[in-house]
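K.L.:
The sequence and its predicted three-dimensional model are supplied below.
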Amino acid sequence: MFQTRKTRLLAGWAAACVLVGAAPTAPCGPDWLPPGPVYPRSLADPREPRVGLQADFGGDRLDGALGLPIPLLGGNGNLAYAVNLEAGAFFVLGKDGAFFPLRTFDGLFGLSGEIARGPWHGKLRLFHVSAHKADGDTTVTYRGQTYSREFAWFEIGRRMDRLFAYARAGFSWHAVPEDPGGDFALGAQWEPPPGSVGPYAAVHFSVDEERNWRVNQSVLAGVALGHTNRLMLGLRYFNGNSFEGQYHSEPLRLFGFEVMFQPRYEVSSH
């Protein structure tokens with residue numbers, strides 16, 4: 001049953017490539033190590049590789065992320081495309097007196113292929129993720145469960161001036177613990193034009209069969225500063241199942257202040 005879903009998702013990606021890429025002229029390139037990717041990065045997805053730090057207003061948690069896509073191959077023209085190496089490290093620090101022990105660490109790496117023609121964008125991402133417990137604290141000793149899996153995600157999005165909206169469908173395989181089905185997401189974001197300072201806002205909603213289709217809600221809003229590289233200062237709210245692999249079935253609610261860095265190539269590509 002689910003093998004059929006996988007086949008349909010991959011077939012959908014191939015069909016999208018044909019539709020988006022049906023252009024009267026051929027794309028330019030290829031260029032090795034191009035300036036940047038062609039698919040906008042989701043700002044509100046808590047598991048999108050980024051460089052950022054969030055302090056929860058509850059006072060006992062600090063979330064950090066380190067990672068960005070590295071473009072390996074790309075080209076421009078009526079059809080723009082890019083192949084990227086993607087990696088991200090996501091970590092959670094607790095509070096133990098005057099110390100901030102590392103509680104969990106989630107690592108992600110893989111490849112992505114992106115295409116864009118006019119306002120339409122498509123992306124296929126294949127990646128591995130594993131999750132680990134770390135220091136704990138001075139009162140608890142524990143061993144984390146094994147959490148490891150491979151994912152395939154297909155996204156299609158459309159840009160409307162400064163607004164970008166997208167939809168995602170995916171599945172996992174070789175999953176420990178076993179993942180019984182697929183996952184889906186919808187999102188949208190608004191950013192100021194390149195070279196300007198102004199407000200931004202983003203939303204991301206996701207569901208998956210493993211966690212009984214509970215809606216995970218992520219909302220982000222703030223101010224983007226800088227013209228070449230951007231420093232994004234904002235508030236992030238999350239409510240749903242934990243995005244930490246070691247606690248993936250447990251409810252989580254966060255509201256805090258976030259600092260996020262957006263490099264030049266992402267600003268200029270919008």
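P.N.:
Yes, it's here. Residues are numbered from 1 along each chain as shown.
K.L.:
Could you point out which residue ranges in the stretch 1-150 of the chain have low pLDDT?
P.N.:
For the stretch 1-150 of the chain, the stretches with pLDDT under 70 are 1-29, 135-144.
K.L.:
give me that answer again for 90
P.N.:
The model of the stretch 1-150 of the chain has pLDDT under 90 over residues 1-31, 33, 35-36, 58-60, 76-78, 94-103, 132-149.
K.L.:
Tell me which stretches of it form helices.
P.N.:
Taking DSSP state H, counting those that start in this stretch as the test, the helices found in the stretch 1-150 of the chain are 2-21.
K.L.:
Equivalent analysis for the stretch 151-270 of the chain, please.
P.N.:
Going by DSSP H, counting those that start in this stretch, the stretch 151-270 of the chain shows helices at 264-268.
K.L.:
now the most centrally placed residue in the chain, nearest residue through space, not along the chain?
P.N.:
In the chain, the residue lying closest to the centroid (Cα atoms, centre = their mean) is residue 48, at 1.9 Å. The shortest distance from residue 48 to any non-neighbouring residue, by Cβ to Cβ, 6 or more residues apart in numbering, is to residue 42 (4.6 Å). For every residue, glycine as well, the C-beta is placed using N, CA and C.
K.L.:
hey, C-alpha coordinates of stretch 258-270 in CSV?
P.N.:
Output of stretch 258-270 as CSV, limited to C-alpha atoms (Å, rounded to 0.1, in the frame of the first residue of the first chain):
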residue,chain,number,x,y,z
GLU,A,258,14.9,34.1,17.9
VAL,A,259,18.0,35.4,16.2
MET,A,260,18.6,34.0,12.7
PHE,A,261,21.2,34.7,10.1
GLN,A,262,20.4,34.8,6.4
PRO,A,263,23.4,34.8,4.0
ARG,A,264,23.8,37.1,1.0
TYR,A,265,22.9,34.4,-1.6
GLU,A,266,19.5,33.7,-0.1
VAL,A,267,18.7,37.4,0.1
SER,A,268,19.7,38.1,-3.5
SER,A,269,18.0,35.1,-4.9
HIS,A,270,14.5,36.2,-3.8
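K.L.:
quick one, what contacts residue 124?
P.N.:
13, 112, 113, 152, 153, 154, 155 (Cβ atoms under 8 Å, 6 or more residues apart in numbering).
K.L.:
what about the second one, neighbour count?
P.N.:
Here the count is done by other Cβ atoms under 10 Å, and residue 112 has 21 residues near it.
K.L.:
shouldn't it be in contact with residue 151?
P.N.:
No: between residue 112 and residue 151 there is no contact under Cβ atoms under 8 Å: 11.2 Å.
K.L.:
so what sits against both of those two?
P.N.:
With Cβ under 8 Å, 6+ apart, residue 112 and residue 151 have common neighbours 125, 126, 127.
K.L.:
out of those, who's nearest residue 218?
P.N.:
Nearest to residue 218 among the shared contacts of residue 112 and residue 151, counting by Cβ to Cβ, is residue 125 at 17.9 Å.
K.L.:
mind checking how far that closest one is from residue 152?
P.N.:
7 Å (Cβ to Cβ, to the nearest Å).
K.L.:
now swap in residue 43 and tell me
P.N.:
Distance from residue 43 to residue 152, by Cβ to Cβ: 22 Å.
K.L.:
The two: who's more crowded?
P.N.:
Set residue 43 next to residue 152 and count neighbours by other Cβ under 10 Å: residue 43 wins out with 30 against 19.
K.L.:
Provide a list of residues in contact with the closest residue to residue 230 other than its chain neighbours.
P.N.:
Once flanking residues are discounted, residue 230 sits nearest to residue 262: 4.0 Å by Cβ to Cβ, 6+ apart. By Cβ under 8 Å, 6+ apart, the residues touching residue 262 are 224, 229, 230, 231, 232.
K.L.:
Looking at those, which one is closest to residue 177?
P.N.:
residue 232 (34.6 Å).
K.L.:
so who does the closest one touch?
P.N.:
43, 52, 200, 222, 223, 224, 225, 258, 259, 260, 261, 262.
K.L.:
Just confirm residue 36 contacts residue 266, I think it does.
P.N.:
Yes: between residue 36 and residue 266 a contact is recorded at 6.3 Å, counting by Cβ under 8 Å.
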